[in-house]
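Trainee: I would like to see how this sequence folds:
(one chain, ligands or ions: 1)
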Amino acid sequence: MRAGQLMERQDGAPQAQDAQPDDGAFAQDMAAMLAHRPRGISPKYFYDAEGSRLFDRICELPEYYPTRTELGILQQQAGEIAKLAGPRAEIVEFGAGSLLKVRLLLDAFDRPARYLPIDISGDHLADAAALLRRDYAGLDVQPVAADYTRRLLLPAPLPGAGQRVGFFPGSTLGNFTPDEALHFLQVAAQVLGGGALLLGADLVKNPAVLHAAYNDAQGVTAAFNLNLLARANRELGTDFDLAGFAHYAFYNAPQSRIEMHLVSMRRQSVTLAGRAFDWAEGETLHTENSYKFTIDGLRALAVRAGFRPGPVWTDPERLFSVHWLHAP
Ligand code: AVI
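Mentor: Modelled structure (predicted):
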């Protein structure tokens, strides 16, 4: 994933996003993946409707601790976070999925001026935004359907609004490469100038806990991983045999990251646009990295991006962290 340029519109007009979330990029990246070795593709392609549904299920799994742990921290610290945000804050959420976590902020904040959720899935976002408007009458909700890792236009701040508070929960930052994470934070620092970023980051921990979280007993994470191939079959007309690939996730301790792969279980061939691509037995497609952070490491990264680290909150087991980062 490449975090692209985030740009701000000066006219305050309703969002008219010109960066299309998928303008053939999936087809291009799939073709590039098949043509190069070792094979790898961005994890952003997990999230079609089925992938988003499977991810929602992952978040509820007993082994997948990040979601409930982060929610617990946000619940517990909502009052303090609201104080830091101040009155009439504008919340900009990067990658707003189900809009569940932001409700904790909206409930705690002092008359939030506006909520700008940004998500690659426009339909999903429109549905979720409609539900939010129903539950928060009077809240200005302006969804932005965009790939926030690419080019992005944001409306200018509302007159009379308070701080702009970015919200990037779920440790999605960990799905970027270290360079991409730095670039994203640099751009977020610019977009949030004078405001702050509320960032969720999963922590380095016992590898057994991490291993279980990405190898759940019900096989939901495996289905999520394999859905990438199913999506390619549906959308691009490839002929991946899903039974010929196995989910493989492990913790790479020297790199502090979970790696997810799909391993070819036999010699086979896959066709895209009339061209056949061979797979050796045991060859892998690297589908995702999920970096885990130390608190000091994350704060140092934020400083390099231009932020001034503020308070950081964790759960009693130090599984997960939530950071308040002041934008310059
Ligand atoms: C979205 N992201 C932070 C999740 C993670 O944990 O890296 C995606 C995920 N992949 C497998 N399980 C969950």
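Trainee: all helices for the stretch 101-250 of the chain, in order.
Mentor: For the stretch 101-250 of the chain, helices defined by DSSP state H, counting those that start in this stretch occupy the ranges 101-108, 122-135, 178-191, 207-213, 220-236.
Trainee: For His326, which of these is the nearest?
Mentor: Across these, His326 has its closest neighbour in helix 178-191 (9.3 Å, Cβ to Cβ). Any C-beta I mention is one placed from the backbone N, CA and C, and that applies to glycine too.
Trainee: that older thread, between the helices of the stretch 101-250 of the chain, which gets nearest to the ligand?
Mentor: Across the helices of the stretch 101-250 of the chain, the ligand has its closest neighbour in helix 220-236 (5.1 Å, Cβ to the nearest ligand atom).
Trainee: mean confidence for the closest one?
Mentor: Mean per-residue pLDDT for helix 220-236: 98.
Trainee: List the contacts of the closest residue to the ligand within the stretch 151-300 of the chain.
Mentor: Going by Cβ to the nearest ligand atom, the ligand is nearest to Ser290 of the stretch 151-300 of the chain, at 3.3 Å. Residues near Ser290 by Cβ atoms under 8 Å, 6 or more residues apart in numbering: 171, 174-175, 202, 214, 257-258, 260.
Trainee: Which ones among those also lie next to the ligand?
Mentor: 171, 174-175, 214 (Cβ under 6 Å from any ligand atom).
Trainee: now the residues you listed in TSV, with pLDDT?
Mentor: TSV is the format used below for the ones next to the ligand among the contacts of Ser290 (pLDDT from 0 to 100):
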residue	pLDDT
Ser171	97
Gly174	98
Asn175	97
Tyr214	99
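Trainee: For the closest residue to Leu325 other than its chain neighbours, grab phi and psi.
Mentor: Excluding its sequence neighbours, the residue lying closest to Leu325 (Cβ to Cβ, 6 or more residues apart in numbering) is Phe307, at 3.9 Å. Phe307 adopts backbone torsions of phi -80, psi 160, taken as degrees, to the nearest 10.
Trainee: What of the one 3 residues further on?
Mentor: For Gly310, the backbone dihedrals (degrees, to the nearest 10) come out as phi -110, psi -150.
Trainee: Likewise for Asp216?
Mentor: phi -70, psi 150.
Trainee: rewinding a little: may I have the beta-bridge partners of the residue of the stretch 151-300 of the chain closest to the ligand?
Mentor: Ile258 (DSSP bridges).
Trainee: per-residue confidence for it?
Mentor: Value listed for Ser290 in the pLDDT field: 98.
Trainee: low-scoring stretches of the stretch 101-250 of the chain, by residue?
Mentor: Across the stretch 101-250 of the chain, the ranges flagged by pLDDT under 70 are 150-152.
Trainee: Please identify the residues of it in proximity to the ligand?
Mentor: So far as Cβ under 6 Å from any ligand atom goes, the stretch 101-250 of the chain lies against the ligand at 170-172, 174-175, 214, 221.
Trainee: hmm, 5 Å instead?
Mentor: When proximity is defined by Cβ under 5 Å from any ligand atom, the stretch 101-250 of the chain lies next to the ligand at 170-172.
Trainee: Name the nearest of the contacts of Ser290 relative to His36.
Mentor: For these, the residue nearest His36 by Cβ to Cβ is Met260; the value is 18.3 Å.
Trainee: On the secondary structure side, give me the element for the closest one.
Mentor: strand 257-264 (DSSP states H and E).
Trainee: where does the residue of the stretch 151-300 of the chain closest to the ligand sit relative to His124, distance-wise?
Mentor: In this view, Ser290 and His124 are 22 Å apart by Cβ to Cβ, to the nearest Å.
Trainee: try Ala188
Mentor: Relative to His124, Ala188 is positioned 22 Å away (Cβ to Cβ).
Trainee: Those two - which one has more neighbours?
Mentor: Ala188 (27 against 21; other Cβ atoms under 10 Å).
Trainee: and that one, what is it in contact with?
Mentor: Contacts of Ala188 (Cβ under 8 Å, 6+ apart): 6, 94, 166, 168, 197, 305, 327.
Trainee: Tell me the spacing between it and Leu325.
Mentor: Noted for Ala188: a distance of 9 Å to Leu325, by Cβ to Cβ.
Trainee: any common contacting residues for those two?
Mentor: Leu197.
Trainee: got a list of what the residue nearest to Asp119 when sequence neighbours are not counted touches?
Mentor: Nearest non-adjacent residue to Asp119, counting by Cβ to Cβ, 6+ apart: Leu125, 4.3 Å away. Shown in contact with Leu125 (Cβ under 8 Å, 6+ apart): 96, 117, 119, 143, 145.
Trainee: Check Arg103 too.
Mentor: Applying Cβ under 8 Å, 6+ apart, the residues near Arg103 are 132, 135.
Trainee: cool, and Glu259?
Mentor: By Cβ under 8 Å, 6+ apart, the contact list for Glu259 reads 249-252, 286, 288-289.
Trainee: same check, this time on Phe26
Mentor: Contacts of Phe26 (Cβ under 8 Å, 6+ apart): 45, 231-232, 235-236.
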